[in-house]
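J.: quick check, what structure comes out for this input:
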Amino acid sequence: MSIISSGAKPTVLDAAVKVAKPAVIAALVFSFFINLLALVSPLYMLQVYDRVLTSRNVATLVVLTLICVFLFLVYGALEALRTQVLVRGGLKFDAMARDPIFRSVLDSTLTRRGAGGQAFRDMDQVREFMTGGLIAFCDAPWTPVFIIVSWILHPFFGILAIIASVIIFWLAVMNDRATKNPIQLATVASIAAQSDANATLRNAEVMKAMGMWGGLQARWRARRDEQVAWQAAASDAGGAVMSGIKVFRQIVQTLILGGGAYLAIHGEISPGAMIAGSILVGRALAPIEGAIGQWKGFIGARGSWDRLQLMLRAESDRTDHMDLPEPRGVLSAEAASIMPPGAQAATMRQASFRLDAGTSLAIVGPSAAGKSSLLRGIVGVWPCAAGVIRLDGYDIKQWDPEKLGRHVGYLPQDIELFSGTVAQNIARFGEFEAHDVIEAAKMAGVHEMIQALPDGYDTAIGEGGASLSGGQRQRLALARALFRSPALIVLDEPNASLDQVGEVALTQAMAKLKAAKRTVVFATHKVNILSQADYIMVVNQGVISDFGERDVMLAKLMGAQPPQPPQPPIPAPQRAN
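T.: Below you'll find the predicted structure:
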C-alpha cells in the first residue's frame, strides 16, 4: 500500500487500517508458530530415514508419527485461526471505512468527479487483500529461517536456497514492472467501460425506442476492447515470467535432489538429510512463490488504495458541525452565485432576497433561466461559488447536512425513487411511525392512490419506481418532501407530470403548507398554483430580474398596471435573528 507522504493529511482509510492493525500483528504471531511447526516434516523425515530405518524400531516410528500428527493438527488449527483473525480485522476495517467512503462517493457524484460504484469495489478489493492475500506476505519474513536451517544441514542446501530466492525475487520484480502499467490501464479502461454500460442500461427505453443501441454499443465495445487488450498484454507479460518461475522451480528441485544424492553417496550427509534438505529448501521458497502468486492481487489492492485515498483527499475537509436549533424557516440569500460542478460560469448570479418563516415564494422564468440552480443552492446540493445562502441566519454550510435534511423537503425535476416499499420511500428510508407516513401522503393528496395499490403502503415499487406512472412517482416524491412537515420545502416544477386530479391535490397541499406556516419555495411554468405564493420572483438569464408581492407581480406578468406603486425589485438582505 502507499505510505502517507509527509505533507499528506491522514484519511479515514488510514484510521481504518490502524483499527485492523492488531489483527495483522496477531496474524504475524500466528505465522511465527505456523512456520516453526513447518519444521516438523523435515525433522520427521530426518529421524525416520536416519534412525528408524537403521534401528528397525517400530515403537519409535509410532511415537514419532503420533507426535507429528498432533503437531500437524495444531498447525492446521493455527492456520484456521490466522485466517479468522485477518477476516475479523477486515470486518473492522470495513465497519470504519464504509460510511465515510459512502459519503465521499455521494459528494463525488454531486460534484461530478465520478467515483461511483468503483469506490465500493475498491474498498472490497483492499479488504479482501487484507483478509487473504496478506497471508503470503506474513510468511515471507520466515524465508531466512528456513535458509539457515538448510545451511545447518549442509552449506550446499543453504547456498542453493539463497541463489534460488534471489532469482525468484528478481523474476517477481520483473513481473511487477512488466504488468504494473498494463494492469493500471486495464483498470482505467474497465471503469470507463462499466460507466458506459451503466449509463446505457439506465436509459434502455430511450436507446430501444430510438434505435441508439448501435452507436452506444460501438462506444462501449471500443472501451471494452481497450480493457481486454491491456489485460491481455498484462497476462502475456506476467504469464511469461510465471512460466519462467515454474520452470526454474523444477530445476531447483532437481538440483536439490541430485546434489543431495551426490553428497549422500560421498558420505557428507545422510539420506534423511537429503530428503529433509529438499523439504526445507522448498519451504524456504514457498513464501516467495506465494507472494508472487498474490502479486496481481497486491497490485490491484494498491491501485484501489490509491484511488480511494485520492477520492477522500479530494473531498473538502469535513468538519464537525455544532448542533444548531431546529430551523424556523427564515430563508435569505446575499449576493449568492451558484455554479454547477465542473462548469466554468455561474448559472445563477448575485441572488439576494429574504423570506420570513411561513411565507411562500414562486420562481418563474423561461427554461434554462437559472431557477433549478437557485433551488439546488437553497437546499445545499450545489454550493455557493460566491455570496451566501442562509437558513435562520446561519450559512447553509454551517448546518450538518444529515441533520438539516430532516427539516428540508426537496422535490427535484428528475424524480428519483428507490427500490423498496411506498412507506420506506415516503419515510426517506429512516425509522418512522405509520401515522407520519400516512399524514405526509394525505397532505400530498396521494393517500387514496396508495390505498388502491396491491399492498397499500407495503407495495414494492421496484427500482426507480418502475411500476408507477410519472404522475404517481411525482406525487409520492411530494409526499416524501412533506414527510414530518419540514420547516423548508423546495419544489422544482412540482406539477410538471400531474394530471388534473394531481394538480388539485398539489394546490390543496400548498394551501395546507401555507396554513401550517411552512416556508415554501417552488419553481413553475404554470400560472394556476401561483395563487398559493406570497411572493413571486422572476428569473431570467441567471439573474433575478424582478421580485415582489404576488398580486403586484401577477399584474405585471399579465400585462396590467398595478393599482399601487411597484415594490423594489430586490429587497435589501437582512440577517435573521
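
J.: quick check: what element follows the helix or strand in which V69 is found along the chain?
T.: Per DSSP states H and E: V69 is located in helix 58-110. Next helix or strand after helix 58-110 toward the C-terminus (DSSP H and E): helix 118-128.

J.: tell me the buried residues in that following helix?
T.: Neighbour counts over helix 118-128 (16 or more other C-beta atoms under 10 Å) mark Q118, A119, D122, M123, Q125, V126, R127, E128 as buried. To be clear about C-beta, it is placed using only N, CA and C from the backbone, and glycine gets the same treatment.

J.: just stretch 255-264 next, same as before
T.: Under the neighbour-count criterion of 16+ other C-beta under 10 Å, stretch 255-264 has I256, G259, G260, L263, A264 buried.

J.: pull the contacting residues for the last one.
T.: What that stands for is A264. By C-beta atoms under 8 Å, 6 or more residues apart in numbering, the residues touching A264 are S270, P271, A273, M274.

J.: 6 Å - rerun?
T.: Listed by C-beta atoms under 6 Å, 6 or more residues apart in numbering, the contact set of A264 reads P271, M274.

J.: gap between it and V408?
T.: Per C-beta to C-beta, to the nearest Å, A264 is found 83 Å from V408.

J.: what helices or strands is the strand or helix carrying L312 leaning on?
T.: Assigned by DSSP H and E, L312 falls within helix 295-314. When contacts are defined as 3 or more C-beta pairs under 6 Å, 6 or more residues apart in numbering; DSSP states H and E, helix 295-314 sits against helix 58-110, helix 118-128, helix 155-202.

J.: report all helices and strands that the helix or strand harbouring E448 contacts.
T.: Counting by DSSP H and E, the element that carries E448 is helix 447-451. Of the remaining helices and strands, none touches helix 447-451 by 3+ C-beta pairs under 6 Å, 6+ apart.

J.: so which bits of that helix are buried?
T.: So helix 447-451, judged by 16+ other C-beta under 10 Å, has buried residues H447, M449, I450.

J.: now the helix holding V69: how far from the chain's centre is it?
T.: Relative to its chain's centre, helix 58-110 lies at 25 Å (C-alpha atoms, centre = their mean, to the nearest Å).

J.: and I299, how far is that from A172?
T.: 12 Å.

J.: what of L513?
T.: For L513 relative to A172 (C-beta to C-beta), the value is 67 Å.

J.: of those two, which one has the most company?
T.: L513 (23 against 19; other C-beta atoms under 10 Å).

J.: residue ranges with poor pLDDT in the stretch 301-450 of the chain?
T.: 315-320 (pLDDT under 70).

J.: can you give me the helices for it?
T.: Ranges of helices in the stretch 301-450 of the chain, per DSSP state H, counting those that start in this stretch, are 371-378, 401-405, 422-426, 434-443, 447-451.

J.: next SSE after the lowest-mean-pLDDT helix or strand in the chain?
T.: Least confident element among the helices and strands of the chain, by mean pLDDT, DSSP states H and E: helix 204-209 (a mean of 64). Toward the C-terminus, helix 204-209 is succeeded by helix 213-265 as the next helix or strand (DSSP H and E).

J.: and the next element down the chain from that following helix?
T.: helix 271-293.

J.: pLDDT of stretch 280-292, averaged?
T.: Across stretch 280-292, pLDDT averages out at 81.

J.: and for stretch 20-34?
T.: Here stretch 20-34 scores 90 as its mean pLDDT.

J.: go through stretch 385-392 and flag the buried ones.
T.: For stretch 385-392, the neighbour count (16+ other C-beta under 10 Å) marks A385, G387, V388, I389, R390, L391, D392 as buried.

J.: coming back round to it: what would the buried residues of helix 118-128 look like in TSV with pLDDT and distance to V74?
T.: Shown next, in TSV, are these (pLDDT from 0 to 100; distance: C-beta to C-beta, whole Å):
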residue	pLDDT	distance to V74
Q118	77	43
A119	82	41
D122	87	37
M123	88	35
Q125	87	33
V126	89	31
R127	88	29
E128	86	28
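
J.: just give me the closest of those to C68.
T.: E128 (33.9 Å; C-beta to C-beta).

J.: tell me the contacts of the closest one?
T.: E128 neighbours (C-beta under 6 Å, 6+ apart): none.

J.: can you check the one 5 residues further on too?
T.: For G133, the contacting residues are Q294, G297, taking C-beta under 6 Å, 6+ apart as the criterion.

J.: sec struct for it, please.
T.: For G133, the assignment made with DSSP: H, G, I helix; E, B strand; the rest coil gives helix.

J.: report pLDDT for it.
T.: In this model, G133 carries a pLDDT of 78.

J.: ok, now the one 4 residues further on?
T.: We have a pLDDT of 77 for F137.

J.: so it is in which element?
T.: helix 134-139.

J.: packing partners for that helix?
T.: Packing partners of helix 134-139 (3+ C-beta pairs under 6 Å, 6+ apart): helix 12-37, helix 271-293.

J.: hang on, isn't A26 packed against V85?
T.: Yes. Taking contacts as C-beta atoms under 6 Å, A26 lies within contact range of V85: 4.8 Å.

J.: of the two, which one has the most company?
T.: Taking other C-beta under 10 Å, A26 and V85 do not tie; V85 has more neighbours (19 against 16).

J.: next one: the more buried one from M537, what distance?
T.: Taking C-beta to C-beta, one finds V85 at 62 Å from M537.

J.: name the residues of stretch 47-66 that are buried.
T.: For stretch 47-66, the neighbour count (16+ other C-beta under 10 Å) marks Q47, V48, Y49, D50, V52, L61, L64 as buried.

J.: once you drop chain neighbours, what's closest to V364?
T.: Once flanking residues are discounted, V364 sits nearest to V538: 5.8 Å by C-beta to C-beta, 6 or more residues apart in numbering.

J.: helix, strand, or coil at the one you found?
T.: Per three-state DSSP, V538 ends up strand.

J.: next, count neighbours for it.
T.: As a burial measure, V538 scores 21 neighbours (other C-beta under 10 Å).

J.: can you name the residues that contact it?
T.: V364, G365, S545, D546.

J.: so what's the second one up against?
T.: Applying C-beta under 6 Å, 6+ apart, we find G365 in contact with K371, V538, V539, N540.

J.: just those now: which is nearest L13?
T.: K371 (39.4 Å).

J.: ok, that closest one touching A523?
T.: Yes. Using C-beta under 6 Å, K371 is in contact with A523, at 4.1 Å.

J.: between the two, which one's more packed in?
T.: Relative neighbour count places K371 above the other of K371 and A523, with 27 against 24, counting by other C-beta under 10 Å.

J.: contact partners for the more buried one?
T.: By C-beta under 6 Å, 6+ apart, K371 lies in contact with I363, G365, A523, V539.

J.: which of those lies closest to F72?
T.: A523 (73.8 Å).

J.: let me know the angle separating whichever strand or helix holds F146 from helix 213-265.
T.: F146 belongs to helix 143-153 when elements are defined using DSSP H and E. Going by axes from the mean of the first three to the mean of the last three C-alpha atoms, to 10 degrees, helix 143-153 is angled at 20 degrees with respect to helix 213-265.

J.: now helix 143-153: how far from the chain's centre is it?
T.: 45 Å.

J.: do stretch 437-448 as well
T.: Its chain's average C-alpha position is 34 Å from that of stretch 437-448, according to C-alpha atoms, centre = their mean.

J.: quick check: end-to-end length of that stretch?
T.: End-to-end span of stretch 437-448 (C-alpha to C-alpha, to the nearest Å): 13 Å.

J.: contacts for it?
T.: Residues outside stretch 437-448 that contact it (C-beta under 6 Å, 6+ apart) are 423, 426-427, 450, 475, 478-479, 482-483, 505, 508-509, 512.

J.: from those, which is closest to A164?
T.: If you rank the contacts of stretch 437-448 by distance to A164 using C-beta to C-beta, A427 comes first, at 64.3 Å.

J.: distance of that closest one relative to V87?
T.: Note on A427: its distance to V87, by C-beta to C-beta, is 35 Å.

J.: ditto for G409
T.: Distance from G409 to V87, by C-beta to C-beta: 43 Å.
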